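K.L.:
coords below, sequence missing:
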């Protein structure tokens, strides 16, 4: 079998006009699949995930040191922009918009996660882009879409999860709703954006026709709980925070393991599994107890099972407990923290991690994406770009600008890659995606 | 309207939530999708929640717009039928254990996708998965919940849905590459690996500096979940919206309180700040508070229930909700995940009511 190492999207060029997480994640998927993705940035208004977060929190930097140019060293930006090129252009300065129109003319896709209307205000809306490239594919991904009374609402990852209906189902029993982690809607939005663009690319390949795609990140997430939304609407039963409980499986929860803040998730989905679990946790009398013999009975009395199971899990590490239960056919897993994930033998075996050199962050290992293709392998081969790292190359080699043209842009400050001091951390960067501009 | 993927034929042998969401997206955008079910019906027909008539909401949601055929690939007749179906397929979705090489022989153009929990090889090939297990292994669960309580896995089957989208993306990229390399190929997606890709770089951060982020809703960020009269809100208060936020909350004097004047002091006293906010909104409705905060430029969102979504004037103004014809009348379905100007999503028909049913609408 011939293997072609440029990736399935080799030859596709993407203008990635995104910030923070969801948008950059979408561009990163396309870059992982071999597209040439140009992250269009401005030194005067940094990508929110370059600006390092609330007061340059050291935990986001190599060896806890933000360094002289933290915007080139932060793991937040550097984990979401692999394989991309960086072009710095200030669209408000002389020649800025013209550069971007020139780039659009030789691009296949424009991806943006600014608020509705931002591209149009920059003179780079779909209608304008279509005049320089008739078959261009443009995707914008505002939180609530381009229309409707909430279109201009500001949104971040946790709020979008609230708006999608998901959070009403998440939380401890008897308490209020919670978002999932820092911003679960962002990677969901990023994956959806890449999928939508691929849909349009395959259509264009068959017909030669480009188009505009509007993706509300909230609407893109709703199908992920579609069956729960439709069920609640049909029964009239409102959603409830349920802890780790799941209808039809009991016990189904996280139990304390040996160590600090260590937990093992255990899921029992049949009566036979329950009897096996009872044997393993050295409580055979529970296996024989009618109060727990059937799924409905265990569901009703599951609180009573917490302590007998925890008594067993507390004496083992989360990894040992999970491995023992999985070996017996019971679904179980350690609740892995960042270190556990980094050391996960399964993920290493999948080729999930890649070690890459970065001129300002050093040689580091990065987590990846799950796409495996046999003949046109995807992957990450270049670390995330420094701010404006490829500006000169793009202007000269891709856009064919003359020395004089480039010098004029430099003179006007249009393509600077040096943020003014004030722009470096003017607002708290968030783990999120629906950026305000 | 033309369809984006009207030129593609998809055969779904995947028998999983991820595979069926993948083929659902193909059906949404115009591909001809055949769901191959074992004689007793697909496994997702037996997964809840269930409607009053016993039908699975999950199955119906995942399989709109598809045709169904019955085949048991473990029998020689069933396998012969599957091989016949593979002949002119563009896309074949499979589960572990399917002889993909035998299917590839049938169609040089086919993209054959393996969708599995943990892969066919590697250290977890024999593990059993479900949503809580994927979330536990991914790192997301550890970060979700209160620091002094057990971590929470979330809700539903979100890792599987994401793996479905990832599989759809991988398959389409391979369809795109056919024009260049002249043939289809094998692609694969693991649900567990997909789930691990959805953190903000927890593992990459560990490689950067060895720091493991603890569990909390939003460490050191000006965000909160607060209760009002009729619901809960997620709010986020940028420093430059601090004054406008307190004006909108009806307590402008708090913006002048020196204890909360700068971001550092504010975050150090964040539980107090949350109490102050809740005092101001205890008698106000969620919709009212969200409107006021958004008007002040602050980020706020209500914890919407399905009923809120059904009644939302925003979604109504966007014509979000749709319906599909069924033998028992029309049934509500969710709107499109994204909107394409030239090739909009169009649901062709209700999910196959019984194994082997064909799509009855055009």
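P.N.:
Received, thanks. Just so we're clear, the structure is a prediction, and the values are computed from it rather than from any experiment.
K.L.:
name the nearest residue to residue B:174, ignoring sequence neighbours.
P.N.:
Spatially, and ignoring its direct neighbours in sequence, residue B:174 is nearest to residue B:111 (4.3 Å; C-beta to C-beta, 6 or more residues apart in numbering or on different chains). Placement of C-beta: from N, CA and C, glycine included.
K.L.:
list the contacts for that neighbour?
P.N.:
Residues in contact with residue B:111 (C-beta atoms under 8 Å, 6 or more residues apart in numbering or on different chains) are B:90-92, B:171, B:174-175, B:178, B:184-187.
K.L.:
of the residues you listed, which belong to strands?
P.N.:
With DSSP state E as the criterion, strands contain B:91-92, B:186-187 from among those.
K.L.:
tell me the pLDDT at the residue nearest to residue B:121 when sequence neighbours are not counted?
P.N.:
In this structure, residue B:121 finds its nearest non-sequential neighbour in residue A:349, 7.7 Å apart by C-beta to C-beta, 6+ apart. At residue A:349, the predicted lDDT confidence score is 97.
K.L.:
same check on residue B:1?
P.N.:
For residue B:1, pLDDT reads 73.
K.L.:
report the beta-bridge partner residues of residue A:38.
P.N.:
With DSSP bridges as the criterion, residue A:38 is bridged to residue A:15, residue A:85.
K.L.:
that one against residue A:16, yeah?
P.N.:
Yes. Contact status for residue A:38 versus residue A:16: in contact at 6.2 Å, counting by C-beta atoms under 8 Å.
K.L.:
what do those two both touch?
P.N.:
Counting by C-beta under 8 Å, 6+ apart, the residues touching both residue A:38 and residue A:16 are residue A:84.
K.L.:
of those two, who's got more company?
P.N.:
residue A:16 (29 against 24; other C-beta atoms under 10 Å in any protein chain shown).
K.L.:
for the more buried one, which residues are in contact?
P.N.:
A:23-24, A:26-27, A:30, A:37-40, A:84, A:111.
K.L.:
report the buried members of those residues.
P.N.:
Those of those that meet the buried threshold are A:23-24, A:26-27, A:30, A:37-40, A:84, A:111, by 16 or more other C-beta atoms under 10 Å in any protein chain shown.
K.L.:
closest one of those to chain B?
P.N.:
Distance to chain B across these (C-beta to the nearest C-beta) is lowest for residue A:30, with 8.8 Å.
K.L.:
does the worst-scoring helix or strand of chain B on mean pLDDT come close to chain A?
P.N.:
Between all helices and strands in chain B, the lowest mean by mean pLDDT, DSSP states H and E belongs to helix B:263-268, at a mean of 89. Yes. Helix B:263-268 is in contact with chain A by C-beta under 8 Å from any C-beta of the partner chain, via B:263-264, B:267.
K.L.:
what about the following helix or strand past that helix, distance to the chain center?
P.N.:
Remark: after helix B:263-268, the chain's next helix or strand is helix B:270-281, criterion DSSP states H and E. Centre-to-centre, helix B:270-281 and its host chain are 33 Å apart (C-alpha atoms, centre = their mean, to the nearest Å).
K.L.:
ok, the residue in the stretch 1-150 of chain A positioned nearest to chain B - contacts?
P.N.:
Closest approach of the stretch 1-150 of chain A to chain B (C-beta to the nearest C-beta) occurs at residue A:79, with a separation of 3.0 Å. Applying C-beta under 8 Å, 6+ apart, we find residue A:79 in contact with A:366-367, A:384, B:200-201, B:204-205.
K.L.:
need the pLDDT of it.
P.N.:
97.
K.L.:
is it true that residue A:346 touches residue B:124?
P.N.:
Yes. Residue A:346 lies in contact with residue B:124 (C-beta under 8 Å); the separation is 4.6 Å.
K.L.:
residues near the residue nearest to residue B:121, how many?
P.N.:
Residues near residue A:349, counting by other C-beta under 10 Å: 16.
K.L.:
can you tell me the closest non-neighbouring residue to the closest residue to chain A within the stretch 151-300 of chain B?
P.N.:
At 3.0 Å from chain A, residue B:201 is the closest residue in the stretch 151-300 of chain B, using C-beta to the nearest C-beta. Distances taken as C-beta to C-beta, 6+ apart put residue A:79 closest to residue B:201, at 3.0 Å, once the chain neighbours are dropped.
K.L.:
how much space between the one you found and residue B:192?
P.N.:
19 Å (C-beta to C-beta, to the nearest Å).
K.L.:
now residue A:87
P.N.:
The gap separating residue A:87 from residue B:192 is 36 Å, by C-beta to C-beta.
K.L.:
hey, where'd the helices end up in chain B?
P.N.:
Secondary structure of chain B (DSSP state H): helices at B:17-28, B:57-62, B:76-86, B:100-106, B:131-138, B:158-181, B:191-196, B:202-209, B:242-248, B:263-268, B:270-281, B:286-295, B:306-311, B:313-317.
K.L.:
buried residues in the last one?
P.N.:
Judged by neighbour count (16+ other C-beta under 10 Å), helix B:313-317 contains these buried residues: B:314-315.
K.L.:
what's in contact with that helix?
P.N.:
Contacts of helix B:313-317 (C-beta under 8 Å, 6+ apart): A:144, A:147-151, A:219, B:309, B:321, B:335.
K.L.:
recalculate using a threshold of 6 Å.
P.N.:
A:148-150 (C-beta atoms under 6 Å, 6 or more residues apart in numbering or on different chains).
K.L.:
let me see the mean pLDDT of it.
P.N.:
For helix B:313-317, mean pLDDT rounds to 98.
K.L.:
where does the chain dip in pLDDT?
P.N.:
All of this refers to chain A. Along chain A, segments meeting pLDDT under 70 span A:52-55, A:422-437.
K.L.:
other chain: chain B
P.N.:
B:216-219, B:360-362.
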